[in-house]
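In: Could you look at this predicted model? Sequence included:
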Amino acid sequence: MNTLPNIALAMPEIFMFSMALVILLVDAFISSQQRIITYVLTQATLVVALIISVKNFSEPAAMVFNDMFIHDTMASILKIVIYVIVFFVFLYSRDYLKSRSMYRGEYFVLGLFGVVGMMIMVSAASMLTIYMGLELMSLSLYAMVAFQRDSSRATEAAMKYFVLGAMASGMLLYGMSMIYGVTASLDIATIRSVIASAGLDNMPLVFGLVFILVGLLFKLGAVPFHMWVPDVYHGAPTSVTMYISSAPKLAAFAIIMRLLVGGLEPLAASWQDMLIIISILSMTVGNVVAIAQTNIKRMLAYSAISHMGFFLLGIISVSANGYSSSMIYVLIYAVMSVGAFGVVLLLSRAGFESEELADFKGLNQRSPWYAFLMLVLMFSMAGVPPTVGFYAKLMVIQAVVDADMVWLAVVAVLLAVIGAFYYLRIVKLMYFDDAQEDAPAIETSGDVKVLLSLNALAFLLLLPWLGVITELCRKAIADL
Amino acid sequence: MFADNLLSLVIWLPILGGLAVLAIGDDRRAPVIRILSLVISLATFFASVLLYTRFDAKTADMQFVELSPWIEAFNVNYSLGIDGISLLLIILTTFTTVLVIIASWKVIQKKVAQYMAMFLIMEGLMVGVFSAMDALLFYVFWEALLVPMYLIIGIWGGPRRVYAAIKFFLYTFIGSVLMLVSLIYLYYKAGESFDIQTLYAVKLDLTEQIFIFLALFAAFAVKIPMWPVHTWLPDAHVEAPTGGSVVLAAIMLKLGAYGFLRFNIPIAPDASQELAFFMIVLSLIAVVYIGLVALVQEDMKKLIAYSSISHMGFVTMGLFLFNPQGMEGAIIQMISHGFISGALFICVGMMYDRMHSRLIKDYGGVVNTMPVFAAFMLLFGMANSGLPATSGFVGEFLVILGAFQVNHWYAAIAALTLIFGAAYTLWMYKRVIFGKVANDKVKVLTDINARETMLLATLAIAVLVMGIWPYPFLEVLHVSVDNILSLASVSKL
């Protein structure tokens, strides 16, 4: 370990972090009319990071920085998708922020710091790195939620998020310390081999596992640790909600893979049962309570809860097939979520937040194209063929059946039917109801229109390439 | 090139055509949209006729086979192929779509492009269901159908359209997801394959078979619909626009019966034999009880909807008699019911366009103002009650013949439908068409125009040809039906 670390593998993180600092500085010296510079720099940073990660993609898996940091296929794929998603988030947010005097450099800088946090989580090979990445991301998110200073709702949401989030981080840390106490290592690979070699007292390990699970599930927003989700989704400015609802889920998936699967898989018998209960609860609460919502952001929040429950099913299967299906699911979900919030964002105008379901009424008469995009997104979220959302659900279900838990698969699909109802209701509002008289058509700039269309239509256009996506995810899991 | 991909052509031509129509969009270009849609649907119909002429009725193997990998990691293939049963249903689909487009020529004035596009896309998807030889591909087509139908009912339907659309969607969705789970279960049983022919050969013990049968039953019984899961149908039918009702009755209901033929019976033969009694009892309840329910309906569309359920009871009974007469009768009944119920819905639609009422009590003496129309409707009404020399007779006769071989009580009860069918159809006909002119609105009715006459005449010819000379239909069925029956008779235990 005396040789110089292979910095090239951590280049995306280093670049992203440096650029965030540069942008912070640059932004301090430009006037608010020139804010476009900040925006362009931010997007350029994401694009360049994407190029670096793609270049690194074929590098063989390796550890750097005293085995604290890992580069492998899964990390590359997740990072690439995170850049793309955040790129879309910033793009959709631009006009929204402008019309609400939130178009400030801090928004983009915090967003980039959040991305760095996620990247570190994705590439973490030690509990220390995991925690560092998680906190970097979480702190950025807390600040972003509170970004609209004069909104009491946003401030309340930020407070709740911060207090509960800090507690969850504490739990996670406590759990990690217990595992460390038993295994005397922070390094995930070592932890695994120590636990697998047996002869250890199982009790403190399982205790530690429970605390770790609580922390992870909180970040994921699974029942019964979901209380913050609807409030934060609702309270935060829509552009921030879009950010929270998408990319961080990928990072959460990554740490679940690294910690639960990479490190604690020998304890799978213990966490599998816990996760089964959590997953069923999440799907039930998420889907049922979403029906009662009249606010689209709250509805999508509960929908997120149920999706996380569904996503856990793949992890529960405890097999490479299951993990890769979860990966596909979470990737597809994150992209769907960005698209759906993108449409919600476009419906809002200066001085008007489009948050109620009723704002979707008659969208087909006003803006048929956006109504169609939302239709695709909603059916995809509901998992109706031929959309890609169906394929995501299919992969998870087949993994569950493969793990000989047919009953669980039946429960999951029946709960998904309940979930279909509220997505159908959005379609109903857009297509079957008449528009409210003063509701105007959606107007937006050309680049947003093109990319949002691409975002939504991806769920139809990707159909012939599903095999490729599956192969990639399988490879990512196989290389772990 | 087309010769090799004829099936794909019949699937994708209407889907892509529908998307093109959607892209033209605007209601100001409605005439262009109508003509374009008609051209696309006619082209598809002729392509499907080519399928018939090139079909080899002597083999039970799948024909026009196409195979290319889709999701290799999961061994899912884009695999198509048809036998005689699929062939007839595909032609019924393409034929009906042409009629639906003509029938909505004048009636649909708002969002014409979306309406036409939905029907074209649905046509392609339905052909896809009938020709998919990969279980997952089948499922994708099957479920994708829900989307356009949901929109058709919800956008162009009647006053309670939203309720009906959501009920339709959720009812069918809940059945389908159970099917999905059982297909995945079979996938692993078959050594990771979704190929339907491979699934036929998978060994399953009786418990497994019964669970799989019931899961598939949940999907198909809802679609048919069998008693007691039929309650979505009257709502959906009543609220759907005419075209939607026609497609629902003529084709969508057949998807369920086709599913029984293609999946339940060959994949779970022992469970099918075991549960045949259960299926027949449900079918007989549908035939008798729903027949009586139809008798008391005040809404014409609802009456025909219940009559459809009752007739579909005949189909499911025929399938589970496990003899050639029963099964062929069931399939003929499917096709014939497609023509007849489609025709009756179009008739009701024509009256509704003029009167804006579907209630029987608002009518009376229509024959005085619309004699040509009354004549056509009489023919379809008679066919609906199973009059010899109409297509309605052939199927019912064959099914009753088949039932006699199994148990003459089945036959006796099933034959009641001939009485009930005649009762509700003719009683409705009498109240609507005959008698004195009931009110001023009926007095000013105008008879059907050339377009409508052509529409009904086409259907009338179909009904009569099939009733008088069913040979061309039966010819392509024999070998395929024998094949299914032989699969059903081999135990998988």
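Out: Cool, got the structure. Numbers count the residues shown, from 1 in each chain, chains lettered A, B, ... in the order given.
In: C-alpha only now, for contacts and for neighbours.
Out: Will do.
In: residue contacts, residue B:422?
Out: B:382, B:384, B:385, B:386 (Cα atoms under 8 Å, 6 or more residues apart in numbering or on different chains).
In: Need the three-state assignment for the first one.
Out: For residue B:382, the assignment made with DSSP: H, G, I helix; E, B strand; the rest coil gives helix.
In: quick one: is the longest strand seen in chain B near chain A?
Out: When chain B is parsed with DSSP state E, its longest strand is strand B:63-71. Yes. Strand B:63-71 comes into contact with chain A (Cα under 8 Å from any Cα of the partner chain), by way of B:70, B:71.
In: For residue A:303, give me the pLDDT.
Out: pLDDT recorded at residue A:303 is 92.
In: cool, residue A:2 as well?
Out: The model's pLDDT for residue A:2 equals 52.
In: Strand B:63-71 and whatever helix or strand comes next after the longest strand of chain B, what's the angle between them?
Out: Sequence order places strand B:76-82 as the next helix or strand after strand B:63-71, per DSSP states H and E. When axes from the mean of the first three to the mean of the last three Cα atoms, to 10 degrees is applied, the directions of strand B:76-82 and strand B:63-71 differ by 170 degrees.
In: tell me the average confidence for strand B:76-82?
Out: Rounded mean pLDDT across strand B:76-82 is 87.
In: right, is it up against chain A?
Out: No. Legend: contact between strand B:76-82 and chain A by Cα under 8 Å from any Cα is lacking; minimum distance shown is 9.0 Å.
In: how about that strand: buried residues?
Out: B:76, B:77, B:78, B:79, B:80, B:81, B:82 (16 or more other Cα atoms under 10 Å in any protein chain shown).
In: so how far is residue A:201 from the second one?
Out: Spelled out, that is residue B:77. 50 Å (Cα to Cα, to the nearest Å).
In: just the third one next, same as before
Out: Shown here: residue B:78 relative to residue A:201, a distance of 53 Å by Cα to Cα.
In: now the strands: where do they sit in the stretch 51-200 of chain A?
Out: Listed in chain order, the strands of the stretch 51-200 of chain A (DSSP state E, counting those that start in this stretch) span A:62-64, A:69-71.
In: Residue ranges in the chain under the pLDDT threshold?
Out: No chain specified, so I'll use chain A. A:1-5, A:199-200, A:349-351, A:437, A:439 (pLDDT under 70).
In: Chain B, not that one
Out: Residues of chain B that meet the cut-off, pLDDT under 70, sit at B:1-3.
In: need the longest helix for chain B.
Out: Criterion DSSP state H: the longest helix present in chain B is helix B:324-355.
In: and residue 315, what is it in contact with?
Out: Chain wasn't specified; assuming chain A. Residue A:315 neighbours (Cα under 8 Å, 6+ apart): A:322, A:323, A:326.
In: oops, I was thinking of chain B
Out: B:257, B:329, B:330, B:331, B:333, B:334, B:399.
In: Closest to chain A out of those?
Out: residue B:257 (21.1 Å; Cα to the nearest Cα).
In: The helix or strand harbouring that closest one - contacts with which helices or strands?
Out: Per DSSP H and E: residue B:257 is located in helix B:253-259. In terms of contacts (3 or more Cα pairs under 8 Å, 6 or more residues apart in numbering or on different chains; DSSP states H and E), helix B:253-259 is packed against helix B:112-131, helix B:206-223, helix B:300-319.
In: Mind checking what helix or strand follows the second one in sequence?
Out: So the one you mean is helix B:206-223. Going down the chain from helix B:206-223, the next helix or strand is helix B:232-239, by DSSP H and E.
In: what's the angle between that following helix and helix B:300-319?
Out: 140 degrees.
In: Please see if helix B:232-239 touches chain A.
Out: No. Figure legend: helix B:232-239 not in contact with chain A (Cα under 8 Å from any Cα); closest approach 12.8 Å.
In: which helices and strands sit right next to that helix?
Out: Partner elements for helix B:232-239 (3+ Cα pairs under 8 Å, 6+ apart): helix B:161-189, helix B:242-247, helix B:300-319.
In: Just the CA trace of the helix or strand just after the first one, in CSV.
Out: Spelled out, that is helix B:161-189. Per DSSP H and E, the first helix or strand lying C-terminal to helix B:161-189 is helix B:196-200. In CSV, the C-alpha atoms belonging to helix B:196-200 read as follows (Å, rounded to 0.1, in the frame of the first residue of the first chain):
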residue,chain,number,x,y,z
ILE,B,196,-45.7,-21.8,-25.2
GLN,B,197,-45.0,-25.0,-27.0
THR,B,198,-42.3,-25.8,-24.4
LEU,B,199,-44.7,-25.0,-21.6
TYR,B,200,-47.0,-27.6,-23.0
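In: Tell me which other helices or strands helix B:196-200 touches.
Out: So helix B:196-200, by 3+ Cα pairs under 8 Å, 6+ apart, packs with helix B:265-267.
In: hmm, back to that, what's the closest of the strands of the stretch 51-200 of chain A to chain B?
Out: Nearest to chain B, of all the strands of the stretch 51-200 of chain A, is strand A:69-71, at 24.5 Å by Cα to the nearest Cα.
In: Tell me which residues touch residue B:336, please.
Out: Applying Cα under 8 Å, 6+ apart, the residues contacting residue B:336 are B:391, B:392, B:395, B:463, B:466.
In: Go through those and name the one nearest chain A.
Out: residue B:395 (34.1 Å).
In: who touches residue 306 in this structure?
Out: The chain I'm using is chain A. So, once contact is read as Cα under 8 Å, 6+ apart, residue A:306 ends up touching A:222, A:282, A:283, A:284, A:285, A:286, A:287.
In: you looked at the wrong chain, it should be chain B
Out: Contacts of residue B:306 (Cα under 8 Å, 6+ apart): B:234, B:290, B:291, B:293, B:294.
In: Let's have those residues in CSV, adding neighbour count, distance to residue B:406 and secondary structure.
Out: Converted to CSV, the contacts of residue B:306 look like this (neighbours: other Cα atoms under 10 Å in any protein chain shown; distance: Cα to Cα, whole Å; DSSP: H, G, I helix; E, B strand; the rest coil):
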residue, neighbour count, distance to residue B:406, secondary structure
B:234, 20, 32, helix
B:290, 26, 23, helix
B:291, 27, 23, helix
B:293, 17, 28, helix
B:294, 27, 28, helix
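In: any idea which of those is the one closest to residue A:354?
Out: When those are ranked by distance to residue A:354 (Cα to Cα), residue B:234 comes first, at 37.1 Å.
In: ok, the closest one touching residue B:297?
Out: No. Using Cα atoms under 8 Å, residue B:234 is not in contact with residue B:297; the gap is 10.7 Å.
In: quick one: buried residues of the longest strand of chain B?
Out: B:63, B:64, B:65, B:66, B:70, B:71.
In: How about the residues of chain B by chain A?
Out: So far as Cα under 8 Å from any Cα goes, chain B lies against chain A at B:70-74, B:140-141, B:143-144, B:151, B:154-155, B:162, B:166, B:170, B:173-174, B:177-178, B:181, B:184-185, B:188.
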